[in-house]
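Chemist: below: sequence and its predicted model.
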Amino acid sequence: MATPPYRDPQLPVDVRVEDLLARMTLEEKAGQLFHTMVSMNPDGTLAEEGPFLRYGTTELLTGRHLTHFNLIGQGSARAMAEWANRIQELAASTRLGIPVTLSTDPRHAFTDNPGASFNSGDFSAWPEPLGLAAIGDPELVERFADTVRREYLAVGFRVALHPQIDLATEPRWSRQSGTFGSSAETSSELVRAYVRGLQGPALGPESVAAMVKHFPGGGPQKDGEDPHFPHGKEQVYPGGLREHHLKPFVAAVEAGCSQMMPYYGQPVGTDWEEVGFGFNKDVLTGLLRERLGFEGIICTDWGLLTDAEIMGEPAEARAWGVEHLSVAERAAKALDAGTDQFGGEQCPEVIVELVRGGRVSEERIDQSVRRVLREKFVLGLFENPYVDADRAEEIVGAAEFTALGEAAQRRSLTVLTDHAVLPVTGRPRLYVQGLSAETASAYGSVVDDPTAADLAVLRLRTPYEQRSGLFESFFHAGLLAFPDAELKEILRLLETAPTVVCVNLERPAVLPEIAERAAALVADFGASDAALLDVVFGRARAEGRLPFELPRSMAAVAASRPDVPNDTEDPVFPYGHGITPA
């Protein structure tokens, strides 16, 4: 049998796309419009049941014709590589043999939220994006993204569901650790470097496509609640800074990002239609396509069409503003708005129904299918979809990448106060809380009683409100100040021994009393215990500067405007604060 033209790498990409498109059934086309979750078994075999799966992997690929998958969960580098090869082998056995595009949420830091990111596991461990912003070095960000690219390629990931470039302007919002902070200028500069690192000079066989999110900026959430949940659906601009939040996305488009993800938020009080951004023609077509000239793939955030079950709990579709529409009507509205793919959904029969019922034209479907097929060809997936599992073990977490990540962790640490304590010399008697005593024993003599210590080191996390739902419990929101009882215990330790306090700032914590009484106060944005102690003992240099301000009180937070950066009254520490110990 002659090789079909779409298999001929010598032909222009657009010719290959049109040839393949002409051979596809409507059902096969519909499958390309879905980018959903799959999991894998621990041994790298295909999962046919498990968390987040409505259908098994085989049914999704061979029965429903999906070829874009977001891997949920973790595994060893070898298992992921072997799993990637198995799913590509299954794809090759289908009628047209369209290769699979595999994607992932971030996997290179310390946050572990199944709705947003995974901790590093086998991959090299770096600070969160907030920590990269605290360093503020575009060259480092490009090296980081290039490391991500090389490690992702080794296990078969070809789309990064990041970077996240929302501006962190509402201090309570739960998604800030994945951003570059509150500065539009810094975020714009760093996203350019990030896209270069992932995609290279141009998208090609050695690239990982960047799906930038969340267009047009998801930071200004009313009361800081997140639109994953019905009580967080509203996005507001009381300061009139809608254009300001757009700046990093302009930079991302100029940098050539391949994909864009709109957020769930429903804009309120603007001249945009008050529907979620994935359904919003004013935003996707009028702003992103026509004004900014974006030509890549628009993929919605996950779960806009159908109600689902997440972690055993019911979860309604994030169809904010169009809750009254049927699933088919929601899909039609999103397609009319400019959406190409539906994230986290797996219902291609809805698209077939819309076309056969005359509600959506097949030509409209073809527009989006062209975009997603073109990227597969440009990424070289038709020529070489497989990876080398032996090489994956060598590349993922390689010594070079691990050293770069560890150095970045140390650089990102941000010293906020130092009352002539840092750097600590000698081998003092150490009392530690919130960090490993075994790790600390390399720096001093660890004692169990703070009254017997020369120095205490205390690690804390940003406070948050406990939420009732299991899935929502991973999204730390609300309260930013320590409850009274916990604060009293912290202050008691500070009175007992000179104490270096390190607070992991996934959001801007309220710390006035701790800042006043700690012997030294350090902020971390994802760093190991060894990284912190290296800085405390002068073995490494902390270079971080705050990527957002730290408010003085929750009253100041409540009074601030969600769309205005660094808008709390009399902050304890302003944006950009940080000192370098003598």
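Modeler: It's in.

Chemist: count of residues packed around residue 223?
Modeler: Neighbour count of residue 223, defined by other Cβ atoms under 10 Å: 16. Heads up, the C-betas are built off the backbone N, CA and C, glycines and all.

Chemist: now do the SS call for it.
Modeler: Of the three states, residue 223 takes helix under DSSP: H, G, I helix; E, B strand; the rest coil.

Chemist: break the chain into its domains for me.
Modeler: The record's domain parsing of the chain by automatic domain parsing lists 24-395, 413-559.

Chemist: just those: most buried one?
Modeler: domain 24-395 (a mean of 21; mean count of other Cβ atoms under 10 Å).

Chemist: could you dump the domains of the chain into TSV with distance to residue 8 and mean pLDDT added?
Modeler: Compiled in TSV, those are given as follows (distance: least, Cβ to Cβ, whole Å; pLDDT from 0 to 100):
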stretch	distance to residue 8	mean pLDDT
domain 24-395	10	96
domain 413-559	46	96
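
Chemist: how about those domains in TSV, adding distance to residue 13?
Modeler: TSV is the format used below for those (distance: least, Cβ to Cβ, whole Å):
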stretch	distance to residue 13
domain 24-395	5
domain 413-559	39
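
Chemist: which one of those domains lies nearest to residue 405?
Modeler: Minimum separation from residue 405 across the domains of the chain (Cβ to Cβ) falls at domain 24-395, 4.1 Å.

Chemist: now do the end-to-end distance for that closest one.
Modeler: Domain 24-395 has an end-to-end distance of 37 Å (Cα to Cα, to the nearest Å).

Chemist: repeat that for stretch 300-308.
Modeler: 16 Å.

Chemist: what do you get for stretch 126-145?
Modeler: End-to-end distance for stretch 126-145, by Cα to Cα: 11 Å.

Chemist: just stretch 28-37 next, same as before
Modeler: End residues of stretch 28-37 are separated by 18 Å (Cα to Cα).

Chemist: quick check: residue 514 touching residue 494?
Modeler: Yes - between residue 514 and residue 494 a contact is recorded at 7.3 Å, counting by Cβ atoms under 8 Å.

Chemist: what sits in contact with each of these two?
Modeler: residue 501 (Cβ atoms under 8 Å, 6 or more residues apart in numbering).

Chemist: can you pull out the strands in the stretch 201-350 of the chain?
Modeler: 209-215, 234-235, 259-262, 266-267, 297-298, 308-310, 313-315, 342-343 (DSSP state E, counting those that start in this stretch).

Chemist: distance of residue 29 from residue 314?
Modeler: Counting by Cβ to Cβ, to the nearest Å, the gap from residue 29 to residue 314 is 31 Å.

Chemist: redo the strands of the stretch 201-350 of the chain as TSV? Include distance to residue 426.
Modeler: Output for those, formatted as TSV (distance: least, Cβ to Cβ, whole Å):
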stretch	distance to residue 426
strand 209-215	47
strand 234-235	53
strand 259-262	51
strand 266-267	57
strand 297-298	57
strand 308-310	51
strand 313-315	52
strand 342-343	54
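
Chemist: do you know which of these lies nearest residue 522?
Modeler: That would be, of the strands of the stretch 201-350 of the chain and by Cβ to Cβ, strand 209-215, which comes in at 29.8 Å.

Chemist: from the contact counts, what lies against the closest one?
Modeler: Packed against strand 209-215, as judged by 3 or more Cβ pairs under 8 Å, 6 or more residues apart in numbering; DSSP states H and E, are the following elements: strand 157-160, helix 184-199, helix 242-254, strand 259-262.

Chemist: in CSV: the ones you listed, plus distance to residue 528.
Modeler: Shown next, in CSV, are these (distance: least, Cβ to Cβ, whole Å):
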stretch, distance to residue 528
strand 157-160, 24
helix 184-199, 23
helix 242-254, 29
strand 259-262, 30
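
Chemist: element containing residue 372?
Modeler: helix 362-378 (DSSP states H and E).

Chemist: tilt between that helix and strand 209-215?
Modeler: Put simply, helix 362-378 runs at 130 degrees to strand 209-215, going by axes from the mean of the first three to the mean of the last three Cα atoms, to 10 degrees.

Chemist: what's in contact with helix 362-378?
Modeler: By Cβ under 8 Å, 6+ apart, the list of residues contacting helix 362-378 reads 13-14, 16-18, 20-21, 24, 26, 29-30, 32-33, 67-68, 98-99, 101, 203-204, 209, 258-259, 296-297, 335, 339-341, 351, 355, 382.

Chemist: stretch 329-337 now?
Modeler: Defining contact as Cβ under 8 Å, 6+ apart, one finds that stretch 329-337 is touched by 275, 278-281, 283-285, 300, 304-305, 317, 319, 322, 325, 342, 350-351, 354, 359-360, 364-365, 368.
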